[in-house]
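In: Provided below for reference: sequence and predicted model.
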Amino acid sequence: MPVPESDTLLTQLERVLQPAGWELLQSLPPYDESQALALGARLREQGHDPDTVAAVLTQARLRTRAREKFGEFADTMLLTPQGLEQATRLPVAALHARRFRDAGVEHLADLGCGIGGDAMAASALGLQVTAVDRDPATVAVATVNLRPFPDSRAELGTAEDFDLSRVDGVWMDPARRTPAGGRTRRLHDPEEYEPPLSTVAQIATRLPVGAKLGPGIHREALPEGTETQWLSWHGQVLEAVCWFGPLARPGVPRSALVVDRDGAHRLDASGPEGVPADPDPGPLEAHVYDPDGAVIRAGLLGRLAADLGAHTLDPSIAYLTAPTAATTPFARGYAVREVMPFSLKRLTAYLRVHRLGILEIKKRGTAVEPEELRRRLRPRRFGDESATLILTRIAGEQSVVVATPHASTPRA
């Protein structure tokens, strides 16, 4: 009978956590994939146990990958492949923790803690954290990662059985994937989460709760009286967090938080009275704006359009257009150079005349695939000038907008 995957993982972690394994892990040079086989052979020749060598090299590889999320903290963490993939980036986890701290929470339960990213961030901000997970291997990893914080600990358990009287706030990251035919399937119905959103809402009747949800959750599925914030990290929508009780800002059912190199920028559903959720369509103006995905997911396209003095190009497409240029963290702006019906022949001729060989290709509302179009155009042969091609519908017609990204202009 095959050994369950969780048991195999726990055995590997036990090898790393033995004094000899931990010492070996800490002594390794920075991980280099091209040198890993040679390093493993050298360590075995030195007399190290082969299984221990394999386990510590796996950790070294995971630590290298984890630097994107955890920075220098990754160099002392213990990790699992699945846990790292699902872990919250440390700067994002710090934003979560700040909500609890600012609401006066002192002892936080992290129910479904994974490898402990959110628990680490909350602990670093001075909260006492009890991190709970149902998987023994995951609890072992979280225990190691929380060792710099003596007031915080990880323990085995479930959200349903946790004694809420022990804490004064709860963070939850329900499992949103399930095994399916040897792979994993993402769950979109929040009642299929583990635990389901209804259980989260029930816990929130007793304590302040923040719950990390999938960014694709339908707004209609969200509980009333909460604030859900969609977060974008350098252009990638990572999550939607539903805040209950005092953690939710009054009168703000939805918000978008866009994190870029200049910091964190928030757009709220609250705003001028009469702002429609879906702006009316209109003709192409001198500038096109590509809204951040968090703004679109949060249903704030109308609010952004009002701020920019813009409208959409088509009722079903999220591109905005306006007569003036403005800089906003919530959208990328482009100055329109040319617009034409989609025609490969006409577009090729235009690129040749204007020596446009460096192309960014964007699309919404069209079946044309950017990489297939690039292959057919072969733009490098035309020259070294650059432009953005925006493939979309305008008044129902498949069109191409040739544009230039905005330079820095005053913010809207």
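Out: Looks like it arrived, so ask away.
In: Against Ala294, how distant is Phe330?
Out: Distance check for Phe330 against Ala294: by Cβ to Cβ, to the nearest Å, it reads 8 Å. Any C-beta I mention is one placed from the backbone N, CA and C, and that applies to glycine too.
In: To clarify, my last question referred to Gly71.
Out: 23 Å.
In: Between those two, tell me which one has more neighbours.
Out: A count of neighbours by other Cβ atoms under 10 Å puts Ala294 above the other of Gly71 and Ala294, at 29 against 12.
In: Which element is encountered next along the chain beyond the host helix or strand of that one?
Out: If you go by DSSP states H and E, Ala294 is part of helix 293-297. Counting by DSSP H and E, the element after helix 293-297 in chain order, helix or strand, is helix 301-308.
In: could you dump that next one to CSV, C-alpha only?
Out: Output in CSV follows, covering the C-alpha atoms of helix 301-308 (Å, rounded to 0.1, in the frame of the first residue of the first chain):
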residue,chain,number,x,y,z
LEU,A,301,-15.6,50.8,-12.8
GLY,A,302,-18.3,53.5,-12.6
ARG,A,303,-16.5,55.2,-9.6
LEU,A,304,-13.2,55.2,-11.6
ALA,A,305,-14.9,56.5,-14.7
ALA,A,306,-16.4,59.3,-12.8
ASP,A,307,-13.0,60.2,-11.3
LEU,A,308,-11.4,60.2,-14.8
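In: just checking, what packs against it?
Out: If you count contacts as 3 or more Cβ pairs under 8 Å, 6 or more residues apart in numbering; DSSP states H and E, helix 301-308 packs onto strand 263-268, strand 287-291, strand 311-314, strand 317-322.
In: Where does pLDDT dip in the stretch 151-300 of the chain?
Out: 178-185, 270-276 (pLDDT under 70).
In: quick one: the helices in it?
Out: 197-203, 293-297 (DSSP state H, counting those that start in this stretch).
In: circling back to that earlier point, what's the closest of the helices and strands packed on helix 301-308 to Leu356?
Out: strand 287-291 (16.9 Å; Cβ to Cβ).
In: pretty sure Ala109 contacts Gln128?
Out: No. Using Cβ atoms under 8 Å, Ala109 makes no contact with Gln128, being 10.0 Å away.
In: Between the two, which has more neighbouring residues?
Out: Between Ala109 and Gln128, counted using other Cβ under 10 Å, Ala109 has the larger neighbour count: 27 against 18.
In: Secondary structure class of the more buried one, three-state.
Out: strand (DSSP: H, G, I helix; E, B strand; the rest coil).
In: so what's it scoring on pLDDT?
Out: pLDDT for Ala109: 98.
In: roughly how far apart are it and Asp133?
Out: 12 Å.
In: Nearest the geometric middle of this protein, what residue?
Out: Compute the mean C-alpha point of the chain, and by Cα atoms, centre = their mean the closest residue is Leu238, 1.8 Å away.
In: my read: it touches Leu231, true?
Out: Yes. The criterion here is Cβ under 8 Å, and Leu238 meets it with Leu231 at 5.5 Å.
In: so what's in contact with these two at the same time?
Out: Val92 (Cβ atoms under 8 Å, 6 or more residues apart in numbering).
In: where do the contact lists of Phe330 and Ala294 overlap?
Out: Ala256, Val258.
In: List the buried residues of the longest helix anywhere in the chain.
Out: What stands out as the longest helix in the chain, according to DSSP state H, is helix 50-70. By 16 or more other Cβ atoms under 10 Å, the buried positions in helix 50-70 come out as 52-53, 55-63, 66, 69-70.
In: What average pLDDT does it get?
Out: pLDDT averaged over helix 50-70 gives 96.
In: And the contacts of that helix?
Out: Under Cβ under 8 Å, 6+ apart, the answer for helix 50-70 is 12-13, 15-16, 18, 20-21, 24-25, 28, 30-31, 33, 36, 39-40, 43-44, 74-75, 77-81, 84, 87-90, 117.
In: Just the buried ones out of these, please.
Out: So, by 16+ other Cβ under 10 Å, the buried ones in the contacts of helix 50-70 are 12-13, 15-16, 21, 24-25, 31, 39-40, 43, 74, 77-80, 84, 87-90, 117.
In: So which of these sit within helices?
Out: 12-13, 15-16, 21, 24-25, 39-40, 43, 84, 90, 117.
In: what's the closest of the residues you listed to Leu344?
Out: The nearest one, if we look at those relative to Leu344 and count by Cβ to Cβ, is Leu84, at 42.9 Å.
In: so what's Val200 up against?
Out: By Cβ under 8 Å, 6+ apart, the contact set of Val200 is Met172, Pro174, Val209, Ala211, Cys242, Phe244.
In: Show me which of those are buried.
Out: For the contacts of Val200, a burial check counting by 16+ other Cβ under 10 Å picks out Met172, Pro174, Val209, Ala211, Cys242, Phe244.
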